[in-house]
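**Q** When you get a sec, could you give me coordinates for this:
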Amino acid sequence: MTVDTTADVRGYPGVRPGTPYDGTAIEGPYRGHYRETYVFALPDGPLRCKVHEPRSELFRFDRTCFVSEDRLLLELRGRVSRIPEVIVLDEHVLLQRFIEGRTLGSGLTGALSPRHSGQLGRLFGELVALDAGSIGARRLCDPAGHPADGDSGAFLDGLITFTEQQVYRRHHDRFGSLFRELGVGEGALEGVRSRARRLTGRPFTLIHGDLHRLNFIVDAADDLWTIDWELSMIGDPLYDLATHLHLMRYPAGTAGRTARLWASAVEGVRPECAKGWRDDLETLLAYKRLQSVYTDVIRGAIALEQPDAGPAQVRLPVTAHRVREVLARARVPLGLDALPSPREVMAAYDRWLRGVTASAP
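**A** From the prediction side, this is the model:
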């Protein structure tokens, strides 16, 4: 983020933590996986803004491509509909307008309304209209390490390598025994890697990378806004569809309609970006399911270690249920002959937690 701490904002006149102006104080922090969000009103207007502060103590389970989400949003102004406005206070301090409304996560869990489906289709089309050359926002990664434009297999291979090295291997000493008890190794990633080599090449475009219910806001006019662009990247546009389907957990019929919506929107803007999508979608979904296993097994363990969340033994059944659901969704790419029962998952976490507690100084 361009603004790393709320202190950058609190130095401006009228912006003080807990100090009301026009009846509004700073709200937050609202915790996400990687950052905390603070919401406040500027003293000279009715609009509310938000600023993010990274949660540096947490593991990174996803690659980050752009240096600044705010700078990226400035680039997208007028090119992508219904995204947060960025307010530039000076060259170092940028704020995002807070979108008032409700998340899709607070509404129905089934299909989108026709209005929202149409707006989602427009978003898909607007994203594929933006290739790497049209995005000037500074990127974190070395351009020399980028896959060649259109090499969808190399793009997916890079994501697999990140999960393998930065999630599984990096934390293997701490969580390896837990993975083994759950029947999870890194071999499953090799299976998806071999399938990645057979992907059809599609021109690279801008990808949001995190299109789930909590990142869609429905405003008072019933319009759909897209927020939280921090995981955006340049790559295979089909990855956005796979991520969306995986995170939304639509019923099968709705998932099929959403996939066709994506294809229709993309083919109407850049037909070559939808090439081979029917054959390749399942490979990308297999990766997303595996990524969730490696990520959620660790997140579940970390959550059980937190003393302020209540007794771990009380939370074990909830963690076991969630992790077993993730294992069930990834059963095929994991190559599991049989799923561990909820009781077995709970026992695996219990043994891991006892081992961690026993080895603590």
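**Q** what about Lys50, which SS state?
**A** Under the three-state scheme (DSSP: H, G, I helix; E, B strand; the rest coil), Lys50 adopts strand.
**Q** For it, grab the count of nearby residues.
**A** 20 (other Cβ atoms under 10 Å). Where C-beta positions appear, they are placed from N, C-alpha and C, glycine not excepted.
**Q** what is it paired to in the beta sheet?
**A** Val39, Gln96 (DSSP bridges).
**Q** got a list of what it touches?
**A** Residues near Lys50 by Cβ atoms under 8 Å, 6 or more residues apart in numbering: Thr37, Tyr38, Val39, Phe40, Leu95, Gln96, Arg97, Phe98.
**Q** before we move on, what about Ala255?
**A** So Ala255 contacts Leu245, Met248 (Cβ under 8 Å, 6+ apart).
**Q** Likewise for Ser113?
**A** Asp222.
**Q** and the gap between it and Gly125?
**A** Going from Ser113 to Gly125 by Cβ to Cβ, to the nearest Å gives 19 Å.
**Q** Need the residues that contact stretch 338-354.
**A** Residues contacting stretch 338-354 (Cβ under 8 Å, 6+ apart): 175, 177-178, 181-183, 300-301, 304-305, 312-313, 316-317, 319-321, 323-324, 327-328, 331.
**Q** Let's see that with 7 Å instead.
**A** 177-178, 181-183, 300-301, 304, 312, 316-317, 319-321, 323-324, 327-328, 331 (Cβ atoms under 7 Å, 6 or more residues apart in numbering).
**Q** how distant is that stretch from the center of its chain?
**A** Mean-position distance between stretch 338-354 and its chain equals 27 Å (Cα atoms, centre = their mean, to the nearest Å).
**Q** Pull out the buried positions in it.
**A** Pro340, Glu344, Val345, Met346, Ala348, Tyr349, Trp352, Leu353 (16 or more other Cβ atoms under 10 Å).
**Q** what's the closest residue to the third one other than its chain neighbours in contact with, if anything?
**A** So the one you mean is Val345. Once flanking residues are discounted, Val345 sits nearest to Ala320: 4.1 Å by Cβ to Cβ, 6 or more residues apart in numbering. For Ala320, the contact set (Cβ under 7 Å, 6+ apart) comprises Pro342, Val345, Met346, Tyr349.
**Q** Just the helices from the stretch 201-350 of the chain, written as ranges.
**A** Taking DSSP state H, counting those that start in this stretch, the helices of the stretch 201-350 of the chain run over residues 238-248, 252-267, 277-305, 312-329, 331-334, 342-359.
**Q** which helices and strands does the longest one pack with?
**A** Applying 3 or more Cβ pairs under 7 Å, 6 or more residues apart in numbering; DSSP states H and E, one finds that helix 277-305 contacts helix 152-162, helix 172-181, helix 187-196, helix 238-248, helix 312-329, helix 331-334, helix 342-359.
**Q** Which residue comes closest to the residue sitting nearest the centre point of the chain once chain neighbours are left out?
**A** Geometric centre of the chain, nearest residue: Asp210, 3.5 Å, by Cα atoms, centre = their mean. The shortest distance from Asp210 to any residue other than its chain neighbours is 4.5 Å, reached at Leu231 (Cβ to Cβ, 6+ apart).
**Q** go on, Ala286?
**A** Pro333 (4.2 Å).
**Q** list the contacts for the one you found?
**A** Ala188, Gly191, Val192, Ala286, Arg289, Leu290.
**Q** so which of the residues you listed would you say is closest to Pro84?
**A** Nearest to Pro84 out of the contacts of Pro333 is Arg289 (Cβ to Cβ; 30.1 Å).
**Q** ok, so what distance separates the closest one from Gly335?
**A** 12 Å.
**Q** of those two, who's got more company?
**A** Arg289 (22 against 12).
**Q** so how far is Gly235 from that one?
**A** 19 Å.
**Q** tell me how far the ends of stretch 97-114 are from each other?
**A** 27 Å (Cα to Cα, to the nearest Å).
**Q** And the pLDDT at the residue nearest to Ala286?
**A** With respect to pLDDT, Pro333 scores 97.
**Q** Then Leu130?
**A** Confidence score, pLDDT, at Leu130: 98.
**Q** Show me what the spatially closest residue to it that is not a sequence neighbour is bridged to.
**A** Closest residue to Leu130 in three dimensions, ignoring its sequence neighbours and counting by Cβ to Cβ, 6+ apart: Leu206, at 4.1 Å. Assessed by DSSP bridges, Leu206 has beta-bridge partners Ile234.
**Q** could I get the contacts of Lys50 as JSON lines with pLDDT, distance to Ala144 and neighbour count?
**A** Shown next, in JSON lines, are those (pLDDT from 0 to 100; distance: Cβ to Cβ, whole Å; neighbours: other Cβ atoms under 10 Å):
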{"residue": "Thr37", "pLDDT": "74", "distance to Ala144": "34", "neighbour count": "19"}
{"residue": "Tyr38", "pLDDT": "74", "distance to Ala144": "37", "neighbour count": "21"}
{"residue": "Val39", "pLDDT": "80", "distance to Ala144": "39", "neighbour count": "17"}
{"residue": "Phe40", "pLDDT": "68", "distance to Ala144": "41", "neighbour count": "25"}
{"residue": "Leu95", "pLDDT": "86", "distance to Ala144": "34", "neighbour count": "26"}
{"residue": "Gln96", "pLDDT": "88", "distance to Ala144": "31", "neighbour count": "25"}
{"residue": "Arg97", "pLDDT": "90", "distance to Ala144": "36", "neighbour count": "16"}
{"residue": "Phe98", "pLDDT": "89", "distance to Ala144": "38", "neighbour count": "21"}
